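**Student:** Using only what follows, build the 3D model:
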Amino acid sequence: MGVCGYFAASWKCLVVLFFRLLFLVPAGLPVHSQGDSQTDSKVMDNITVKQGETVFLRCAQGDIVTHTAWLNRSSILYAGEDKWSVDPRVSLVTFNQEEFTIKIEDVDMTDEGPYICAVQTSSRPRTTSVHILVQVPPIIINLSKDIVVNEGSNVTLMCQASGKPEPSLTWKLLSPSDAPSVSEGRDVGVAPGQRGVLECEVDSMPEADFEWYRDDRRIFNDFDGIQIEDVGQLSKLTFLNVSEEDYGNYTCIAINKLGSSNTSFVLYEIIEPTSSTLLQDGSTSVLDLTSSVLEKTTSETFAIQAGPGAVQDGNSGSMGTHVHTYSCLLLAIILQFLLSF
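**Tutor:** You can find the predicted model right below:
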């Protein structure tokens with residue numbers, strides 16, 4: 001300790017002291033001053049690391065190195081492969097003739113400061129120093145509570161934050177007009193067994209969260225075959241396989257810190273036409289048409305035969321025969337049409 005005297009705060013004295021403790025300086029070898037050329041020293045760039053991350057401290061070795069150690073502000077971390085630090089976050093990564101590397105995990109503010117790699121060669125000692133800078137993400141530690149004041153009164157709002165580097169604070173007035181505004185819901189008709197989608201669109205700043213309800217019961221994602229997908233200002237309620245129980249009233253609610261807004265939907269059933277329905281409708285139409293044609297044909301024939309001034313002669317029998325033939329032909333066409341189904 002007499003070597004350092006009143007210069008105990010000097011890094012040079014601290015390094016020399018540790019060298020003595022480690023027997024890196026042979027007995028009888030004179031201790032050189034800080035400016036002596038017999039000791040090589042190198043200063044590395046600062047290492048900046050965020051709080052909670054891992055930092056690696058690397059030191060170049062050499063073939064002529066006999067002893068080496070990593071030191072921090074007040075203690076030895078590693079002397080060669082021997083760990084002197086009791087901190088479990090500190091560990092040895094690489095130790096060979098080329099490199100001597102240790103790491104410090106979960107870095108905190110207490111780890112900030114200078115570190116030295118001290119190396120003893122066959123001729124003289126060599127040191128490499130580096131400074132660790134720890135950054136701390138900003139966090140608000142004190143904020144005014146909600147307050148109600150009379151119009152025209154003075155009000156003081158407080159916001160206190162910490163971090164490193166020191167964070168800057170900004171204030172912003174959020175107008176009530178920024179509360180969510182949900183577009184009017186559109187009812188959707190879906191046939192049983194099909195896929196149905198209800199879409200809820202909102203205009204909001206700040207961004208709103210969505211909630212879906214069936215009557216008074218809230219719906220969650222993957223609930224009874226229902227999926228909810230929120231993308232920005234749009235929320236989709238998707239029915240993968242619509243059943244009778246799914247039909248009914250639904251409500252979408254958009255919520256942010258400034259308020260809420262909602263809109264309602266109706267999922268209703270639609271019946272898709274089937275082949276039997278088409279056949280029944282087509283048959284009815286054809287039969288109606290046939291009946292109309294037959295009535296018209298009979299009426300016209302009767303008018304021809306029994307109209308004013310009509311003459312009953314041998315041709316009247318022929319006319320009846322033609323009408324009967326026409327009716328049979330028409331019925332045959334209709335029957336063929338019906339059989340096509």
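
**Student:** per-residue confidence averaged over stretch 50-59?
**Tutor:** For stretch 50-59, mean pLDDT is 93.

**Student:** which outside residues touch it?
**Tutor:** 47, 49, 68, 70, 93-94, 99-109, 111, 115, 117, 119, 128, 130, 132, 134-137 (Cβ atoms under 8 Å, 6 or more residues apart in numbering). C-beta: built from backbone N, CA, C; applies to glycine.

**Student:** what does stretch 205-214 give?
**Tutor:** Stretch 205-214 has contacts (Cβ under 8 Å, 6+ apart) with 174, 178, 180, 200, 202, 218-219, 228, 230, 232-233, 235, 237, 248-258.

**Student:** ok, 6 Å please
**Tutor:** Residues outside stretch 205-214 that contact it (Cβ atoms under 6 Å, 6 or more residues apart in numbering): 178, 180, 202, 219, 230, 235, 237, 250-256.

**Student:** what do you get for stretch 135-146?
**Tutor:** 50, 51, 157, 158, 159, 160, 161, 162, 163, 164, 167.

**Student:** What does the pLDDT read for the residue lying closest to residue 236 once chain neighbours are set aside?
**Tutor:** Spatially, and ignoring its direct neighbours in sequence, residue 236 is nearest to residue 229 (4.7 Å; Cβ to Cβ, 6 or more residues apart in numbering). Looking at residue 229, its pLDDT stands at 93.

**Student:** what packs against the helix or strand containing residue 229?
**Tutor:** In this assignment (DSSP states H and E), residue 229 forms part of strand 226-231. Under the contact criterion of 3 or more Cβ pairs under 6 Å, 6 or more residues apart in numbering; DSSP states H and E, strand 226-231 touches strand 234-239.

**Student:** let's see it at 8 Å
**Tutor:** If you count contacts as 3 or more Cβ pairs under 8 Å, 6 or more residues apart in numbering; DSSP states H and E, strand 226-231 packs onto strand 209-214, strand 234-239.

**Student:** Any buried residues in the first one, and which?
**Tutor:** So the one you mean is strand 209-214. For strand 209-214, a neighbour-count test (16 or more other Cβ atoms under 10 Å) marks 210, 211, 212, 214 as buried.

**Student:** re the thing from before, OK, contacts around the residue nearest to residue 236?
**Tutor:** Here residue 229 is in contact with 235, 236, 238 (Cβ under 8 Å, 6+ apart).

**Student:** Of these - the most surrounded one?
**Tutor:** In terms of neighbours by other Cβ atoms under 10 Å, the contacts of residue 229 top out with residue 235 at 23 neighbours.

**Student:** And for that residue, nearest residue in space, chain neighbours not counted?
**Tutor:** Using Cβ to Cβ, 6+ apart and skipping the chain neighbours, the partner closest in space to residue 235 is residue 210 (3.9 Å).

**Student:** Residue 93 too?
**Tutor:** Nearest non-adjacent residue to residue 93, counting by Cβ to Cβ, 6+ apart: residue 101, 4.3 Å away.

**Student:** again, but for residue 62
**Tutor:** Closest residue to residue 62 apart from its sequence neighbours, by Cβ to Cβ, 6+ apart: residue 121 at 6.7 Å.

**Student:** The one you found bridge partners, please.
**Tutor:** residue 65 (DSSP bridges).

**Student:** repeat for residue 95
**Tutor:** With DSSP bridges as the rule, residue 95 is bridged to residue 100.

**Student:** Quick check, pLDDT for it.
**Tutor:** 90.

**Student:** do you know how far the residue nearest to residue 235 is from residue 74?
**Tutor:** 56 Å (Cβ to Cβ, to the nearest Å).

**Student:** Tell me what the residue nearest to residue 235 is bridged to.
**Tutor:** residue 254.

**Student:** pLDDT value on it, please?
**Tutor:** 95.

**Student:** Tell me the pLDDT of the nearest residue to residue 109 once chain neighbours are set aside.
**Tutor:** Counting by Cβ to Cβ, 6+ apart, residue 109 lies nearest to residue 134, which is 5.4 Å off, once chain neighbours are set aside. Looking at residue 134, its pLDDT stands at 95.

**Student:** who's in contact with stretch 86-96?
**Tutor:** Under Cβ under 8 Å, 6+ apart, the answer for stretch 86-96 is 56, 58, 61, 77-78, 80-81, 83, 100-106.

**Student:** how far away is residue 83 from residue 102?
**Tutor:** From residue 83 to residue 102 the distance is 9 Å (Cβ to Cβ).

**Student:** what ranges do the helices span in the chain?
**Tutor:** Under the criterion DSSP state H, helices of the chain are mapped to 11-21, 275-306, 315-339.

**Student:** quick revisit: contacting residues for the residue nearest to residue 62?
**Tutor:** Residue 121 is in contact with 62, 64, 65, 66, counting by Cβ under 8 Å, 6+ apart.

**Student:** Dump the residues you listed to TSV, plus pLDDT.
**Tutor:** TSV is the format used below for these (pLDDT from 0 to 100):
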residue	pLDDT
62	74
64	79
65	81
66	83
